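Undergrad: Model the structure of this input:
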Amino acid sequence: KKAVKPHTGKEIHVVLDNLSTHTTPEVKAWLAGHPHVHFHFTPVGSSWINQVETWFGILTRQSIRRGTFTRVNVLITQIRNYIDTWNSEAKPFTWTATAEEILAKVRLVQTNVKKLVANNSK
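TA: Sure, this is the predicted structure:
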């Protein structure tokens with residue numbers, strides 16, 4: 001309710017995971033009374049947060065890293081300009097890794113973390 005109120009009269013789109021609390025009868029009733037609010041759900045089992053992290057990684061590598069920003073507003077302008085450019089040619093992320101490739105990376109990270117912990121405890 002707090003997120004919607006400042007945008008009264010505008011179409012509002014909210015992206016949510018598939019948590020059951022987002023589809024209770026109370027939520028459905030509220031949405032029926034607020035036809036300008038639209039819920040969009042990520043696919044069941046998807047790791048949508050990884051997509052967000054991936055995008056921020058791209059932003060960091062392509063626009064921020066190695067930059068020199070003398071003021072916060074200069075950094076903000078850089079980020080906004082990057083977002084505008086990104087959005088002008090945006091395409092959906094396509095995941096091509098197999099489950100085994102992903103699990104192999106997880107195992108590698110786990111091994112590296114264990115090594116770091118062991119080295120730091122000496």
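
Undergrad: which regions of the protein lie under the pLDDT threshold?
TA: Per-residue confidence of the chain (counting by pLDDT under 70) places the weak regions at 18, 43-48, 95.

Undergrad: and the residue most central in space within it, what element?
TA: Among the residues of the chain, the smallest C-alpha distance to the mean C-alpha position (Cα atoms, centre = their mean) belongs to Val52, namely 2.4 Å. Here Val52 is covered by helix 48-59, with elements defined by DSSP states H and E.

Undergrad: what's the following helix or strand after that helix?
TA: Of the helices and strands lying after helix 48-59 in sequence (DSSP H and E), the nearest is helix 72-88.

Undergrad: Need the residues that contact that next one.
TA: Outside helix 72-88, the residues within contact range by Cβ atoms under 8 Å, 6 or more residues apart in numbering are Leu59, Gln62, Ser63, Ile64, Gly67, Phe69. (Each C-beta comes from the backbone N, C-alpha and C, glycine too.)

Undergrad: Tell me how many other residues surround the third one.
TA: This points to Ser63. Using other Cβ atoms under 10 Å, Ser63 is surrounded by 17 other residues.
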